[in-house]
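Visitor: What would the 3D arrangement of this be:
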Amino acid sequence: LARCLIMWDDILPNAEWIESNVPQIIRENSVPLQATEVPTSEDLNLETLTQAHVYIIAGACLALGFRFAGSANLAAFNCLYKFAREFMKCTSGPAAALTGHYNLETCLSVVLISLAMVMSGSGNLKVLQLCRFMHKKTGVEMNYGFHMAHYVALGLLFLGGGRYSLSTSNSAIAALLCALYPHFPVNSTDNRYHLQALRHLYVLAAEPRLLVPVDVDTNTPCYALLEVVYKGTQWYEETTEELVAPSLLPELYLLKQIKVKGPRYWEIVLDLSKGTEQLKSFLSRDGIMYVKLRAGQLSYKEDPKGWRSLLAQTVACKNSEVSGFKPDVISSFTSDPAVLSFAEYFCKPAKNIGQEKQEILDLFSTILYECVTQENPEMLPTYIGIDQAVRRLGRKEASETFELWQIKLVLEFYNSRNLQERLRKKSHKGLFMKSEFLPVMKCTVDHILDQWISAGGDVALHQYLTGQPVEESQMNTLACFLVYHSVPTFGQLSAFELEGTTTFSEIMLKFSQLRVPVRALLRLAPLFLKNPQLMVY
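Guide: Residues are numbered from 1 along each chain as shown. Here you go, the predicted structure:
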């Protein structure tokens with residue numbers, strides 16, 4: 001045990017490492033735990049060698065328990081559980097007489113305590129079954145110390161009622177070594193080899209690590225999906241693990257980030273690389289962390305599979321969200337009176353209405369669906385404002401270019417490189433518009449302005465580019481075209497001597513200094529190249 005504690009970083013959670021601690025002379029000449037027959041030897045003291053063998057194995061198991069205390073490491077658990085089963089079989093096997101029942105019970109109790117350290121606070125069923133089995137032993141060899149060891153293991157397994165676990169800091173390991181010193185008393189007053197009061201020092205190694213999500217609306221505990229990011233170490237690279245809370249967290253110094261994720265609750269990110277104070281404050285208050293349920297979702301307890309949520313009920317299938325959306329259940333998503341009134345007057349299906357009104361009703365239902373499911377009802381006027389501005393442009397009723405400027409800015413942001421990189425990473429945090437609404441609006445504006453060009457607008461555009469007066473009836477739409485396509489002013493164009501240009505590459509070269517978009521050049525090029533018919537797309 002002392003050697004392993006010194007070589008702390010070399011401890012590995014496997015049986016090969018456990019066996020590597022046994023010297024070769026003992027490994028080759030002692031009686032294995034699984035032996036069915038006991039050999040005899042006149043040259044070797046098999047009893048001493050076998051007892052040394054089992055004590056070395058038990059000491060290595062105890063060191064493994066210290067190394068992975070409170071981690072619930074599966075490899076360490078399986079390794080220790082394997083040796084616990086072997087010791088249990090050995091107590092009723094032929095090797096028990098050679099090793100001694102007292103020695104085997106001591107080693108078995110040490111391995112049981114090691115198992116409980118690894119799974120501390122988890123209430124693991126297999127370890128509990130081992131504790132129950134050991135507790136039922138009432139033979140002559142079962143003295144007070146063995147029962148005490150079994151109850152210590154049981155206490156570690158349910159440490160703090162499942163809210164605490166063990167730390168592996170230097171001071172914590174020192175306290176655990178004093179508390180779990182592997183020499184058990186014969187009776188309650190036996191302090192000959194170890195002061196029994198030191199058994200209480202385990203509390204210095206205990207720390208709260210249970211995280212319990214609590215619904216902020218109902219103030220009741222709930223299940224939530226956690227994404228835990230581990231820091232990279234010399235044994236493994238940075239890795240991510242998903243847990244279902246309530247859950248015991250790993251030691252905080254191992255973690256980089258904890259995030260509440262999933263479609264049911266709003267995301268909460270705890271960046272532990274900047275400090276663990278916030279998470280420690282949660283854990284010190286019984287581990288309570290408040291979470292907010294998304295609109296239209298049910299908790300995992302009420303709807304384990306996600307089939308009963310209001311969102312699932314209002315969507316008939318994956319590609320028919322609008323047709324399956326029922327405005328009648330909007331009150332279950334929100335209590336905003338403005339949103340409820342909008343659903344009542346503009347989204348309810350009606351009979352014998354024209355195609356245009358039906359299209360508007362479908363569009364409003366789509367907008368309402370996205371706003372309430374993403375909990376962005378404040379974006380409803382923005383959606384409607386963009387739609388109405390595009391409709392006024394189509395009816396040639398746009399009296400100013402301010403609205404088109406706003407739409408252009410939104411589209412430029414939507415097509416920006418930074419936003420597209422975020423979308424590729426599936427990070428929609430902070431986005432208010434996540435549907436296909438903006439691409440549809442962009443295509444509609446492009447189509448309206450291209451139709452205006454093909455219906456005689458190319459003449460007005462040519463007059464503007466050559467400095468000639470433009471008909472007053474074409475002024476508003478021409479201004480919208482110039483703003484939307486970022487066409488420079490006549491004074492800027494005249495400075496580049498565009499007359500006489502014969503190829504599109506020359507136009508791109510001359511317009512490069514004005515930073516005119518390529519989509520605008522594709523519409524202006526036919527005029528400079530003396531071929532207006534190419535303006536029709």
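Visitor: Is the most centrally placed residue in the chain bridged to anything, and to what?
Guide: Among the residues of the chain, the one closest to the centroid is Glu227, at 3.2 Å (Cα atoms, centre = their mean). With DSSP bridges as the criterion, Glu227 is bridged to Glu242, Lys259.
Visitor: ok, and for the helix or strand Leu64 falls within, which residues are buried?
Guide: In the assignment (DSSP states H and E), Leu64 maps to helix 46-67. Of all the residues in helix 46-67, those buried under the rule 16 or more other Cβ atoms under 10 Å are 46-47, 49-67. Every residue, glycine included, has its C-beta placed from N, CA and C.
Visitor: then that helix to CSV, C-alphas only?
Guide: In CSV, the C-alpha atoms belonging to helix 46-67 read as follows (Å, rounded to 0.1, in the frame of the first residue of the first chain):
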residue,chain,number,x,y,z
LEU,A,46,3.7,-22.3,1.6
GLU,A,47,1.6,-20.8,4.4
THR,A,48,3.7,-17.7,4.7
LEU,A,49,4.0,-17.3,0.9
THR,A,50,0.2,-17.6,0.4
GLN,A,51,-0.6,-15.2,3.2
ALA,A,52,1.9,-12.7,1.8
HIS,A,53,0.3,-13.1,-1.6
VAL,A,54,-3.3,-12.4,-0.5
TYR,A,55,-2.2,-9.4,1.6
ILE,A,56,-0.3,-7.9,-1.3
ILE,A,57,-3.3,-8.3,-3.5
ALA,A,58,-5.6,-6.7,-0.9
GLY,A,59,-3.1,-3.8,-0.4
ALA,A,60,-3.0,-3.2,-4.1
CYS,A,61,-6.8,-3.2,-4.2
LEU,A,62,-6.9,-0.7,-1.4
ALA,A,63,-4.5,1.6,-3.3
LEU,A,64,-6.7,1.2,-6.4
GLY,A,65,-9.7,2.2,-4.2
PHE,A,66,-7.8,5.3,-3.0
ARG,A,67,-6.7,6.3,-6.5
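Visitor: heading toward the C-terminus, what's the first helix or strand past it?
Guide: helix 74-91.
Visitor: now for that next one, which elements pack on it?
Guide: Where contact means 3 or more Cβ pairs under 8 Å, 6 or more residues apart in numbering; DSSP states H and E, helix 74-91 is packed against helix 15-20, helix 46-67, helix 101-118, helix 125-135.
Visitor: helices or strands up against the third one?
Guide: Identification of packing neighbours for helix 101-118 by 3+ Cβ pairs under 8 Å, 6+ apart yields helix 46-67, helix 74-91, helix 125-135, helix 144-157.
Visitor: hmm, try it at 10 Å
Guide: Helices and strands touching helix 101-118, by 3 or more Cβ pairs under 10 Å, 6 or more residues apart in numbering; DSSP states H and E, are helix 46-67, helix 74-91, helix 95-99, helix 125-135, helix 144-157, strand 164-166, helix 170-179.
Visitor: Any idea how far apart the tips of stretch 159-171 sit?
Guide: Counting by Cα to Cα, to the nearest Å, you get 18 Å between the two ends of stretch 159-171.
Visitor: Just the mean pLDDT for it, thanks.
Guide: Stretch 159-171 shows a mean pLDDT of 91.
Visitor: List the buried residues for it?
Guide: Result for stretch 159-171 [16+ other Cβ under 10 Å]: buried residues Leu159, Gly160, Arg163, Tyr164, Ser165, Leu166, Ser167, Thr168.
Visitor: likewise stretch 74-81?
Guide: In stretch 74-81, counting by 16+ other Cβ under 10 Å, buried: Ala76, Phe77, Cys79, Leu80, Tyr81.
Visitor: and which of these is nearest to Thr444?
Guide: The closest of the buried residues of stretch 74-81 to Thr444 turns out to be Phe77 (Cβ to Cβ; 61.4 Å).
Visitor: who's in contact with the closest one?
Guide: By Cβ atoms under 10 Å, 6 or more residues apart in numbering, the contact set of Phe77 is Pro13, Phe68, Ser71, Ser114, Leu115, Val118, Met119, Ser122, Asn124, Lys126, Val127.
Visitor: ok, now how distant is the fifth one from Arg192?
Guide: It refers to Leu115. Leu115 sits 27 Å away from Arg192, taking Cβ to Cβ, to the nearest Å as the criterion.
Visitor: Identify the residues contacting Glu19.
Guide: By Cβ under 10 Å, 6+ apart, the contact list for Glu19 reads Arg27, Ile56, Ile57, Ala60.
Visitor: hmm, back to that, any chance of a markdown table for the helices and strands packed on helix 101-118, columns distance to Leu461?
Guide: Shown next, in a markdown table, are these (distance: least, Cβ to Cβ, whole Å):
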| stretch | distance to Leu461 |
| --- | --- |
| helix 46-67 | 78 |
| helix 74-91 | 71 |
| helix 95-99 | 100 |
| helix 125-135 | 79 |
| helix 144-157 | 81 |
| strand 164-166 | 73 |
| helix 170-179 | 78 |
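Visitor: Lowest average pLDDT across these?
Guide: helix 95-99 (a mean of 71).
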